[in-house]
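**Student:** Just a sequence and a predicted model for now, questions to come.
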Amino acid sequence: MNRKNKKAFKMDDKDNVATSLENIEPGDMFNVISEEGLILETNKAISNIPFGYKVALKKFSINDSIIKYGYKIGSSFKEIKKGEVVHIHNIKSDRVGLPENRRKIMIDMLQKEGYQIN
């Protein structure tokens, strides 16, 4: 069976994350597309990536910058693997500080919905 690759969007050449354009499941291949619709690269998802969430286009170490739309939006506070979802459980925002107790509540909610959070 030939499965069609999923899609994620990369706005700027400097971006090291892309935004999923559909739900992507572990093991799914996804094309990273440009604003012009060109396929920039193809990667394999290693976690659930819900529609609209960020996906890592490289391996991140602790305190690495997260770049989206050409701007730093946050930093990793744990290692993030290429193809993994990038969200509140592994990055801290440069724009809005999320209190730790709220972060835990949101992570618990995601886990209850079936998302694998490391």
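**Tutor:** Everything's here; your move.
**Student:** Chain neighbours aside, what residue packs nearest to residue 65?
**Tutor:** residue 72 (4.8 Å; C-beta to C-beta, 6 or more residues apart in numbering). Yep, even glycine has a C-beta here, placed from its N, CA and C like the rest.
**Student:** Tell me how many other residues surround the one you found.
**Tutor:** Residue 72 has 13 neighbours, counted by other C-beta atoms under 10 Å.
**Student:** what's the answer for residue 64, then?
**Tutor:** Using other C-beta under 10 Å, residue 64 has 18 neighbouring residues.
**Student:** Provide the partner residues of the residue nearest to residue 65 in its beta bridges.
**Tutor:** According to DSSP bridges, the partner residues bridging residue 72 are residue 67.
**Student:** Let me see the ranges of the strands in the chain.
**Tutor:** 6-9, 17-20, 29-33, 39-44, 54-56, 65-68, 71-76, 85-86, 91-93 (DSSP state E).
**Student:** Looking at those, spot the one closest to residue 104.
**Tutor:** Closest approach to residue 104 among the strands of the chain (C-beta to C-beta): strand 91-93, 13.7 Å.
**Student:** Now do that closest one: which elements does it pack against?
**Tutor:** With contacts taken as 3 or more C-beta pairs under 8 Å, 6 or more residues apart in numbering; DSSP states H and E, strand 91-93 sits against strand 71-76.
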